[in-house]
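# For reference, the sequence and a predicted model appear below.
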Amino acid sequence: MRIAILSDVHANLEALEVCLQSIRVSSVDAVVCLGDVVGYGADHNACCDLIRENTLFCLLGNHDAAVIGVMDTDFYYPAARQALFRTRESLSEDNFRWLYSLPYSHQAPGVGFFHGAPVLPSGFYYVVRPKDAEAHLQLLARLEPYTFIGHSHLTKQFLLSPNGVQSLNSRKISAHPGKDERYIINVGSVGQPRDKDPRACYGLFDSHTGAFRHVRLEYDHHRAAEKIRAAGLDQKFATRLAAGT
């Protein structure tokens, strides 16, 4: 089964449309989303609509949770909080109810999907450093061979085993892990990349071969930035799109 994995769209319609166009010609069997459909960008309703129409399931991200009141907005700095409030004010009732219905995680045979760290899905912790991945060694036997996450907007990958954690530095994965090994893979961000690559990013996984790779795509980030400025959101949400930071 070939699965396209989206995450951290952040209301960036231009990036999402390019990713979905790529997926349509990639012969995938399913499309899933790991959350944070809203926040930062200007097209929250349009992005919610597209994710609802094109994915098998979507998870609840921290920005989604804050918009619907499940997470305290005091955790966010002022500019991000303003974006959350703007989204909350203009989000359609259908999309609000949809976000409210989303789960924190999804399990399938051999695969686990989370927005943040699997150790506590509702806590939205980051897995960025090897030490963050090491916190999951206590759960090693309960993790599926593949765990896919988002949240950090990075493309970090880790191989866990009883001997410790190995950072894979965003390399392609071409085979299944060993019997006692587990992967934690960040699929990157569709709409707000922060790995110094401004291109939109999603993950492509083949459950039969065990292969995984990040797909990077050029999109009209200038148009997305213009919309952010026109919406009266913080300037840095617009300028960072060109730098991928």
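Noted; the coordinates are in hand. Residues are numbered from 1 along each chain as shown.

# show me where the protein has helices.
According to DSSP state H, the chain carries its helices in the segments 13-24, 44-54, 62-67, 78-90, 93-100, 130-134, 221-230, 235-243.

# gap between the shortest one and the chain center?
Pointing back at helix 130-134 there. Its chain's C-alpha centre and that of helix 130-134 lie 19 Å apart, by CA atoms, centre = their mean, to the nearest Å.

# try the fourth one
Mean C-alpha position of helix 78-90 versus that of the full chain (CA atoms, centre = their mean) differs by 19 Å.

# From the contact counts, what lies against it?
Other elements packing on helix 78-90 under the criterion 3 or more CB pairs under 8 Å, 6 or more residues apart in numbering; DSSP states H and E are helix 44-54, helix 62-67, helix 235-243. All C-beta spots, glycine's among them, are computed from the backbone N, C-alpha and C.

# could I get the helices of the chain as TSV with mean pLDDT and mean neighbour count?
Shown next, in TSV, are those (pLDDT from 0 to 100; neighbours: other CB atoms under 10 Å):
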stretch	mean pLDDT	mean neighbour count
helix 13-24	98	20
helix 44-54	98	19
helix 62-67	97	26
helix 78-90	92	17
helix 93-100	98	16
helix 130-134	96	16
helix 221-230	97	17
helix 235-243	95	17
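
# since we're on residue 31, how many residues are nearby?
Neighbourhood size, residue 31 [other CB atoms under 10 Å]: 21.

# Report the beta-bridge partners for it.
residue 4 (DSSP bridges).

# Run a quick check on it versus residue 6, I expect a contact.
Yes: Residue 31 lies in contact with residue 6 (CB atoms under 8 Å); the separation is 6.8 Å.

# Report the set of residues contacting both of these two.
Common neighbours of residue 31 and residue 6 (criterion: CB atoms under 8 Å, 6 or more residues apart in numbering): residue 55.

# circling back: and of the helices and strands packed on helix 78-90, who's closest to residue 97?
Between residue 97 and the helices and strands packed on helix 78-90, the tightest spacing by CB to CB is seen for helix 44-54, at 10.6 Å.

# about what we covered before: would you turn the helices and strands packed on helix 78-90 into TSV with distance to residue 38?
Below are the helices and strands packed on helix 78-90 laid out as TSV (distance: least, CB to CB, whole Å):
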stretch	distance to residue 38
helix 44-54	4
helix 62-67	5
helix 235-243	13
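
# Need the outlier residue of this protein, farthest from its centre.
For the chain, the largest distance from the centre (CA atoms, centre = their mean) belongs to residue 163, which lies 28.4 Å off.
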